[in-house]
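S.K.: okay, here's the prediction I keep looking at, along with the sequence it came from:
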Amino acid sequence: GDSLVRQSTSMRAQTTHIGKRELVRDAAIQVFIEDGYGASMARIAARAGVAKQTLYNQFGNKENLFAEVIRQSVDDITVSLGDSKANLRLSLLRFAAAFRAKALSPHGLGMHRALIAEAPRFPKLARVIHEKGAANARDTLAKFLQQAMNSGQLRKTDAQFVAEMLLSMLAGFERIRLLYGVKADPTSLNEKQKCVAIVDCFLNGLAA
């Protein structure tokens with residue numbers, strides 16, 4: 001009986017800890033977008049409804065918190081890839097939709113602006129964020145594409161380069177347009193059609 005009570009208490013504490021960590025990440029995203037990297041830990045803590053010391057206990061410092069926000073966003077995207085042997089096109093379509101939903105959303109654009117604005121003043125932070133964010137997404141995608149090449153589904157070539165190429169196709173010019181606040185042509189393709197067009201063009205170029 002006592003063992004079950006202790007186990008139940010431990011599970012509740014773990015769940016509470018995970019929930020609080022997610023709450024802090026969500027609050028950090030909002031505050032970083034509003035204030036840039038200059039946002040104070042106190043303001044993030046207040047937005048999350050936790051003590052400032054909780055932030056330091058969980059993340060150590062603001063740099064780690066910022067990097068964690070970026071890493072989690074990438075993890076949310078790359079988990080959609082699944083197994084390349086299952087259905088390559090479907091997996092890439094899921095990835096394309098998830099990537100564009102993050103990168104081109106107001107939150108994604110806001111975080112991008114916050115980082116670009118601070119990169120010259122915080123070059124170490126910029127390198128860390130690049131490794132946790134763009135480079136991490138590229139490496140995960142490259143590994144997935146390499147598996148598809150090894151199994152004969154794609155023509156063998158430099159997996160890292162074509163991963164970068166696909167990421168550029170998925171955001172590239174459209175993100176630049178959105179960063180400048182320019183609206184899309186109302187007669188353009190809808191989001192699903194864009195993902196299909198990009199993925200099919202990519203796959204046609206790498207046909208085995």
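M.R.: All right, it came through fine.

S.K.: correct me, but residue 167 touches residue 142?
M.R.: No - counting by Cβ atoms under 8 Å, residue 142 is not a contact partner of residue 167; they are 10.0 Å apart. Just so you know, the C-beta spots here come from the backbone N, C-alpha and C atoms, and that holds for glycine as well.

S.K.: which stretches in this protein count as helices?
M.R.: For the chain, the helices defined by DSSP state H cover 2-35, 41-48, 52-59, 62-78, 88-103, 106-118, 123-132, 134-150, 159-170, 172-179, 191-205.

S.K.: starting at the chain centroid, how far to stretch 156-169?
M.R.: Here stretch 156-169 is found 18 Å from its chain centre; the criterion is Cα atoms, centre = their mean, to the nearest Å.

S.K.: what about residue 55, neighbour count?
M.R.: Neighbourhood size, residue 55 [other Cβ atoms under 10 Å]: 22.

S.K.: swap in the one 4 residues further on?
M.R.: A count of nearby residues for residue 59, using other Cβ under 10 Å, gives 21.

S.K.: need the nearest residue in space to it, chain neighbours excluded.
M.R.: Excluding the flanking residues, the one nearest residue 59 by Cβ to Cβ, 6 or more residues apart in numbering is residue 65, at 4.2 Å.

S.K.: quick one, grab the pLDDT at the one you found.
M.R.: On pLDDT, residue 65 comes in at 86.
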